[in-house]
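Peer 1: Provided below for reference: sequence and predicted model.
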There are 2 protein chains.
Amino acid sequence: MRTGGVSQTVDPGGASAQIRDAAVVRFGRDGFGAGLRTIADDAGVTAGLIVHHFGSKEGLRKACDAHVLALLRAVKEEALTDTDTGSLLARIADIEEFAPLVRYLLRSVQAGGELAETTAEHMIGDAEAYLAAGEAAGVIRTSRAPAARTRLLAYQGLGSLLVWFTLHPDDGDDARFTASLREYVQTITFPAVELFCQGLFVDRSMLEEHLLHVPDPPADGADA
Amino acid sequence: MRTGGVSQTVDPGGASAQIRDAAVVRFGRDGFGAGLRTIADDAGVTAGLIVHHFGSKEGLRKACDAHVLALLRAVKEEALTDTDTGSLLARIADIEEFAPLVRYLLRSVQAGGELAETTAEHMIGDAEAYLAAGEAAGVIRTSRAPAARTRLLAYQGLGSLLVWFTLHPDDGDDARFTASLREYVQTITFPAVELFCQGLFVDRSMLEEHLLHVPDPPADGADA
DNA sequence: CTTCGCATTGAACGCCTGTTTAGCCTGCTC
DNA sequence: GAGCAGGCTAAACAGGCGTTCAATGCGAAG
């Protein structure tokens, strides 16, 4: 109904918004190799109009990037900070309306590029805030390399979600995508909690060995 | 010298092997969107010959998949089982000769498909063996959901490496790729050891809470 | 020496890509 | 009502894609 293209009576935001929305969906489904004509068909317009509005395909993608980023930022504001950023994303995608956004975001991380970096930094920031709050509340252990730990957790959370996403292809079916993410959370939550609570090794000998060999643990994990 | 294409005096394995090797390098560098003519140029042949030998582009990719998988399997046999499969991959890629193979593998995981699944299963198998050995030796804690824990660790290891790989593009420079992976290991090792030794939370209350809500933790993490 | 077979080539094909261009058609302004 | 502006379309363009095909050259077998 929304993507009909023929009967947009209210026309929310004009045709360019409609194109952008269709592009987010199509890019998320098929990746960024999707053709302009396909997107144009989805939006009920022509390929030329896309170029007319966005200059080029890259312009369209940047518009999508900005749109998705802004929308997810707004949504995240309302949600409480979650234990795991991957779980947070999955929970957001559970709201049917936002599934395409999350899918677009994952495709974007998969493909690399500016939004991928922004997303990673964003998740690192989230993790940092969560860890700091936990440390202050006394429920999270302090680390000898806090920044590196933050980065590790963010990469692990985003990365395992990405691997799951890559390995469980939905055929553009939002319901399947949502169900898959739900299954991901269900599969991963318990072992994650277990790992975070009791670690993996029975003693700290390995850690102390590392501390001997590298007296100065990496202070940060930032680069570029 | 090896990829010269003009002066293959010994011709190891024939031209089809040469094409395959060039394809592994080019696919690893540019992704699977790389054109047949580009690969043909790299190998010093024509696009038609590739199709003649491999039937189609997909046939070429499958040949690359099989080749890379066989080669990395052979290499891994020689190496001792490492703590982390990501570290193992990085260490293999450190041998200059194998960097293109690892890059191809990561591209493959990034793109999804059969080799991605095989790789994931492979890493899960490695992790399982490592964890079982550790449990038997009494250095690794037992889990209430061993299979799910194994899967989590494999996904985290592969996923964080993949995110790093995506976020740190080398321009097809093997040295940069190798250096990047080395930096990855260096960045991630300490916080990983710390996490595995002491966990993240100061007590087990969160775990016990989960055990109350879900009296039967997920026995396995397998699907499909 | 001839003949066969196979690796290999270069050109062509049809399709799809992003982009450009010319023109239409609507609605607003004077 | 005339004229202009701009959203929008259809067609064409140049280039890349994977694939096909006829023809070449070479090396081995008879």
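Peer 2: Nice, I can see it.
Peer 1: what is the neighbour count of A:A70?
Peer 2: Neighbours of A:A70 under the rule other CB atoms under 10 Å in any protein chain shown: 10. Just so you know, the C-beta spots here come from the backbone N, C-alpha and C atoms, and that holds for glycine as well.
Peer 1: what's near enough to touch it?
Peer 2: With contacts taken as CB atoms under 8 Å, 6 or more residues apart in numbering or on different chains, A:A70 has no neighbouring residues.
Peer 1: let me know the helix or strand that it is in.
Peer 2: Following DSSP states H and E, one finds A:A70 within helix A:57-78.
Peer 1: just confirm yes or no for that helix near DNA strand D.
Peer 2: No. Contact of helix A:57-78 with DNA strand D (CB under 7 Å from any atom of the strand) is absent, the minimum separation being 13.1 Å.
Peer 1: which ones are touching the residue of chain A found nearest chain B?
Peer 2: Proximity of chain A to chain B (CB to the nearest CB) peaks at A:G159, 2.5 Å away. Shown in contact with A:G159 (CB under 8 Å, 6+ apart): B:Y155, B:Q156, B:L158, B:G159, B:S160, B:L161, B:L162, B:V163.
Peer 1: and the residue nearest to it when sequence neighbours are not counted, its phi and psi?
Peer 2: With sequence-adjacent residues excluded and distances taken as CB to CB, 6 or more residues apart in numbering or on different chains, A:G159 is closest to B:G159, at 2.5 Å. B:G159 adopts backbone torsions of phi -70, psi -50, taken as degrees, to the nearest 10.
Peer 1: ok, how many other residues are close to the nearest residue to A:F177 once chain neighbours are set aside?
Peer 2: Of all residues not flanking A:F177 in the chain, A:D170 sits nearest, at 4.4 Å (CB to CB, 6+ apart). Residues near A:D170, counting by other CB under 10 Å, number 17.
Peer 1: looking at this, A:D170 is in a strand?
Peer 2: No. Per DSSP: H, G, I helix; E, B strand; the rest coil, A:D170 lies outside any strand segment and is coil.
Peer 1: that one contacts A:S180, doesn't it?
Peer 2: Yes. Using CB atoms under 8 Å, A:D170 makes contact with A:S180 at a distance of 6.1 Å.
Peer 1: any idea of the pLDDT on A:P217?
Peer 2: A:P217 is assigned a pLDDT of 61 by the prediction.
Peer 1: do the same with the one 3 residues further on
Peer 2: Reading off the confidence values, A:D220 has pLDDT 61.
Peer 1: chain center to whichever strand or helix holds A:A147, what's the gap?
Peer 2: Secondary structure assignment for A:A147, by DSSP H and E: helix A:146-167. Centre-to-centre, helix A:146-167 and its host chain are 10 Å apart (CA atoms, centre = their mean, to the nearest Å).
Peer 1: buried residues in the helix or strand of chain A with the lowest mean pLDDT?
Peer 2: Ranked by mean pLDDT, DSSP states H and E, the weakest helix or strand in chain A is helix A:85-94, scoring a mean of 72. By neighbour count on 16 or more other CB atoms under 10 Å in any protein chain shown, the buried set for helix A:85-94 is A:T85, A:G86, A:S87, A:L88, A:L89, A:A90, A:R91, A:I92, A:A93.
Peer 1: please report phi then psi for A:G44.
Peer 2: Torsion angles, degrees, to the nearest 10, at A:G44: phi 80, psi 30.
Peer 1: just A:I140 next, same as before
Peer 2: For A:I140, the backbone dihedrals (degrees, to the nearest 10) come out as phi -120, psi 130.
Peer 1: residue contacts, it?
Peer 2: Counting by CB under 8 Å, 6+ apart, the residues that A:I140 touches are A:L131, A:G134, B:L200, B:F201, B:V202.
Peer 1: A:A145 contacts B:A192, correct?
Peer 2: No. Assessed by CB under 8 Å, A:A145 is found out of contact with B:A192, at 10.5 Å.
Peer 1: so those two - more neighbours on which side?
Peer 2: Using other CB under 10 Å as the criterion, A:A145 and B:A192 rank with B:A192 on top: 24 against 19.
Peer 1: for that one, list the residues it contacts.
Peer 2: Contacts of B:A192 by CB under 8 Å, 6+ apart are A:L152, B:D84.
Peer 1: what helix or strand is it on?
Peer 2: helix B:174-198.
Peer 1: how about the contacts made by A:A99?
Peer 2: So A:A99 contacts A:A93, A:D174, A:F177, A:T178 (CB under 8 Å, 6+ apart).
Peer 1: now render the residues you listed as TSV, adding distance to B:A99.
Peer 2: Shown next, in TSV, are the contacts of A:A99 (distance: CB to CB, whole Å):
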residue	distance to B:A99
A:A93	36
A:D174	39
A:F177	34
A:T178	38
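Peer 1: wait, which of these is closest to A:F54?
Peer 2: A:D174 (24.5 Å; CB to CB).
Peer 1: can you get me a residue count around that closest one?
Peer 2: Residues near A:D174, counting by other CB under 10 Å: 18.
Peer 1: wait, it sits on A:I95?
Peer 2: No. With contact defined as CB under 8 Å, A:D174 does not count as touching A:I95 (11.0 Å).
Peer 1: pull out the buried positions in the strand or helix carrying A:G125.
Peer 2: Assigned by DSSP H and E, A:G125 falls within helix A:114-137. Buried residues in helix A:114-137, defined by neighbour count with 16+ other CB under 10 Å: A:115-116, A:119-120, A:122-124, A:126-128, A:130-131, A:134.
Peer 1: who are the neighbours in contact with A:T142?
Peer 2: Contact partners of A:T142, counting by CB under 8 Å, 6+ apart, are A:E135.
Peer 1: list the contacts for A:S16?
Peer 2: Here A:S16 is in contact with A:H53, A:F54 (CB under 8 Å, 6+ apart).
Peer 1: and for the one 10 residues further on?
Peer 2: By CB under 8 Å, 6+ apart, the contact list for A:R26 reads A:A34, A:T38, A:I39, A:D42.
Peer 1: now, those residues that are in helices?
Peer 2: Residues of the contacts of A:R26 located in helices (DSSP state H): A:T38, A:I39, A:D42.
Peer 1: any figure for the gap between the spatially closest residue to the first one that is not a sequence neighbour and A:F165?
Peer 2: For A:T38, the nearest residue in space outside its immediate sequence neighbours is A:R26; the separation is 6.1 Å by CB to CB, 6+ apart. To A:F165, A:R26 is 17 Å away according to CB to CB, to the nearest Å.
Peer 1: so what does the residue of chain A found nearest DNA strand C look like in phi/psi?
Peer 2: Nearest residue of chain A to DNA strand C, counting by CB to the nearest atom of the strand: A:G35, 2.7 Å away. Backbone geometry at A:G35, expressed as degrees, to the nearest 10, gives phi -80, psi 160.
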